[in-house]
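Colleague: predicted structure and sequence below. I'll ask about it afterward.
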Amino acid sequence: VSCDMSPSYKKFCKDMFPNTQLVIDKFHVVKHLMDALQQVRKQLKIKCLNDEKTIVHSGTTEQKRQWSDIELLERSRYVLFKMQSEWEEDETEMMEYLFVQFPDLQTAYNLTQKLRLWYNGKNIGKSIDLLEQKLYNWCDDVSQSKIGAFRAVRKMIEKHQDDIINYFKEGQTNAKAENINGKIQRILANNFGIKDRDFFLYRVSGYFA
């Protein structure tokens with residue numbers, strides 16, 4: 001059974017299906033990971049705002065020379081979601097500058113990429129002992145980094161480690177269900193909620209038919 005880390009959900013699955021094997025969905029683990037990375041970025045931005053740092057970026061164009069560290073941290077928001085191999089040339093230049101200015105951001109990004117690579121589908125079916133050792137190494141890296149946001153992620157992973165590792169046995173995930181849930185949430189947002197539940201369910205059934 002693929003599930004999130006909700007204690008009540010896990011208890012329900014165990015009570016109703018005592019012989020089942022739980023798998024913490026990859027989506028939820030990676031979401032916590034990316035939230036931690038964005039938290040580091042936001043903390044650095046707040047620090048810059050408090051210190052009133054407006055160091056000019058030494059780029060090659062007039063526009064880039066006018067960007068402050070605060071602006072660059074804001075622009076890096078969506079770049080941080082990408083793997084480094086997917087960065088465009090201007091994104092690479094921006095991130096290299098930010099990593100020099102803010103070493104903690106580089107450390108946080110490297111930790112994020114390391115766990116995402118560990119979650120790569122190519123690892124499905126590989127030795128569980130080997131995957132566990134790599135996860136232990138990642139947890140050690142987090143401890144050495146002393147980044148509070150990632151310590152919380154490490155504790156979460158350590159708490160649910162066995163159920164997280166189960167993902168690599170068969171690659172079980174509920175990504176399709178999460179995608180459908182996201183679309184339903186967008187329908188709700190676009191309509192500012194619902195007044196008639198029956199009509200809403202009728203519209204949803206028609207949308208996904």
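Modeller: That came through, no problem.

Colleague: got a list of contacts for stretch 181-188?
Modeller: Here stretch 181-188 makes contact (CB atoms under 8 Å, 6 or more residues apart in numbering) with 194, 203-204, 207. Any C-beta I mention is one placed from the backbone N, CA and C, and that applies to glycine too.

Colleague: tally of neighbours for the nearest residue to Q172 once chain neighbours are set aside?
Modeller: Excluding its sequence neighbours, the residue lying closest to Q172 (CB to CB, 6 or more residues apart in numbering) is V23, at 4.5 Å. Residue neighbour count, defined by other CB atoms under 10 Å, stands at 21 for V23.

Colleague: quick one: contacts for V23?
Modeller: For V23, the residues meeting the contact criterion (CB under 8 Å, 6+ apart) are 1-3, 163, 166-167, 172-173.

Colleague: try it again at 6 Å.
Modeller: V23 makes contacts with 2, 166-167, 172, as judged by CB atoms under 6 Å, 6 or more residues apart in numbering.

Colleague: and it, what's its pLDDT?
Modeller: The model reports V23 with a pLDDT of 90.

Colleague: hey, what's it bridged with?
Modeller: Each beta-bridge partner of V23 is listed here: S2, as defined by DSSP bridges.

Colleague: distance from the chain centre to the longest helix anywhere in the chain, please.
Modeller: Residue-count comparison of every helix in the chain, with assignments taken from DSSP state H, identifies helix 26-51 as the longest. In terms of CA atoms, centre = their mean, to the nearest Å, the gap separating the centre of helix 26-51 from the centre of its chain is 10 Å.

Colleague: show me what counts as buried in that helix.
Modeller: Judged by neighbour count (16 or more other CB atoms under 10 Å), helix 26-51 contains these buried residues: 26, 28-29, 33, 36-41, 43-45, 48.

Colleague: do the same with stretch 193-209
Modeller: 200, 204.

Colleague: could you list the alpha-carbon positions for that stretch in PDB?
Modeller: Provided in PDB are the C-alpha atoms of stretch 193-209 (Å, rounded to 0.1, in the frame of the first residue of the first chain):
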ATOM      1  CA  GLY A 193     -14.600  26.300  -3.400                       C
ATOM      2  CA  ILE A 194     -17.900  24.500  -3.900                       C
ATOM      3  CA  LYS A 195     -21.500  25.100  -2.900                       C
ATOM      4  CA  ASP A 196     -23.300  22.200  -4.500                       C
ATOM      5  CA  ARG A 197     -21.300  19.000  -3.800                       C
ATOM      6  CA  ASP A 198     -23.400  16.800  -6.100                       C
ATOM      7  CA  PHE A 199     -22.900  19.200  -9.000                       C
ATOM      8  CA  PHE A 200     -19.200  19.400  -8.200                       C
ATOM      9  CA  LEU A 201     -18.800  15.600  -8.200                       C
ATOM     10  CA  TYR A 202     -20.700  15.500 -11.500                       C
ATOM     11  CA  ARG A 203     -18.300  18.000 -13.000                       C
ATOM     12  CA  VAL A 204     -15.300  16.100 -11.700                       C
ATOM     13  CA  SER A 205     -16.600  12.800 -13.100                       C
ATOM     14  CA  GLY A 206     -17.100  14.400 -16.500                       C
ATOM     15  CA  TYR A 207     -13.600  15.900 -16.400                       C
ATOM     16  CA  PHE A 208     -11.900  12.600 -15.800                       C
ATOM     17  CA  ALA A 209     -14.200  10.500 -17.900                       C
END
